[in-house]
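>>> Below are the sequence and a predicted model; questions follow.
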Amino acid sequence: MYLPERMSVTERNPRDTIRPIRIEDVEHATRVLAHAFEADPVLRFIIPDDADWQRVSLPWFRSVLRSAVRRESALIDDRGQGVIVWETPAAGAGLARQLLSTIRMTGLLRHNLGRARLLSDTLRSYRPRRAHWYLAYIGIEPGKQRSGLGQALLDSLLERADIARMPVYLECSARGNLGFYNQARFHLVDEVTIPTGVNTWPMLREPNPA
């Protein structure tokens, strides 16, 4: 069970509530991401069936978050309303890790695997060839959006990337979110249409000058 940290009597700035995710947060954070991405156009392109989504989403996000805890590459707010997960260049290293991830994904996705591979193959050429951080997921619990929490989570990640002098790459899955990322100095790489009709927008942000 997720137990949020004690809040002060006065409401805090969302930036002040962000902290690294811990193993005891994983189950709660898993549900936050599953709820937040339930209507995501790209993920639901991969997994269009509701029953499949219920079967796949929780174990998939749980696996993602457990890995993120080990890599120290995820943040949560202390009310448990928002989560952000990223990958560093080191996260992709190691044949054993890649094989395990492939096996796990194949077992979960089953008949949805072809759409996942189509999406991955289509987007591969847009990803930077140089070292970068990849913003994998940023999700806010439905009903808690527009509170400044998404901005606080993103700012906390970008501060870390600036300190590391690393660019950050993402694939925006909704046109309405482009302005949110533009304000954070992400620039649009392209608009990509998957052959079956779903769109996604690769974006890249260079680190702030020292």
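That came through fine.

>>> Next one: the spatially most central residue of the chain from Val192, what distance?
Central residue of the chain (CA atoms, centre = their mean): Tyr137, 0.8 Å from the mean position. From Tyr137 over to Val192 the distance is 19 Å, taken as CB to CB, to the nearest Å. To be clear about C-beta, it is placed using only N, CA and C from the backbone, and glycine gets the same treatment.

>>> ditto for Gly179
Going from Gly179 to Val192 by CB to CB gives 18 Å.

>>> can you check Pro142 too?
Separation of Pro142 from Val192 (CB to CB): 27 Å.

>>> For the protein, just list every one of the helices.
Ranges of helices within the chain are 26-36, 41-46, 50-71, 95-109, 113-123, 149-163, 178-182, based on DSSP state H.

>>> Need the ones you listed in TSV (columns: mean neighbour count, mean pLDDT and distance to Gln81).
Below are those laid out as TSV (neighbours: other CB atoms under 10 Å; pLDDT from 0 to 100; distance: least, CB to CB, whole Å):
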stretch	mean neighbour count	mean pLDDT	distance to Gln81
helix 26-36	20	96	7
helix 41-46	18	89	20
helix 50-71	17	91	15
helix 95-109	12	55	26
helix 113-123	14	84	28
helix 149-163	19	95	6
helix 178-182	15	96	17
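
>>> Out of those, which is closest to Ile18?
Closest to Ile18 of those is helix 149-163 (CB to CB; 4.6 Å).

>>> Give me the angle between the closest one and helix 26-36.
Counting by axes from the mean of the first three to the mean of the last three CA atoms, to 10 degrees, helix 149-163 points 110 degrees away from the direction of helix 26-36.

>>> contact partners of helix 149-163?
Residues from elsewhere that reach helix 149-163 (CB atoms under 8 Å, 6 or more residues apart in numbering): 13-15, 17-18, 75, 77, 81-84, 86, 133, 135, 138, 140, 167-168, 180, 184, 205, 207-208.

>>> now those residues: which count as buried?
Buried members of the contacts of helix 149-163, scored by 16 or more other CB atoms under 10 Å, are 14, 17-18, 75, 77, 81-84, 86, 133, 135, 138, 140, 167-168, 205, 207.

>>> Now intersect those with the strands, please.
Of the positions in the buried ones among the contacts of helix 149-163, 18, 75, 77, 82-84, 86, 133, 135, 138, 140, 168, 205 sit in strands, assigned by DSSP state E.

>>> re earlier: of the helices of the chain, which is nearest Cys172?
Nearest of these to Cys172, taken as CB to CB: helix 178-182 at 6.0 Å.

>>> now for that closest one, which elements pack on it?
Counting by 3 or more CB pairs under 8 Å, 6 or more residues apart in numbering; DSSP states H and E, the packing neighbours recorded for helix 178-182 are helix 149-163, strand 168-172, strand 199-205.

>>> and the longest one with strand 199-205, angle?
Put plainly, it is helix 149-163. Angle of helix 149-163 versus strand 199-205, following the same axes, to 10 degrees, is 50 degrees.

>>> and helix 149-163, how far out from the chain's middle?
How far helix 149-163 lies from its chain's middle: 13 Å, per CA atoms, centre = their mean, to the nearest Å.
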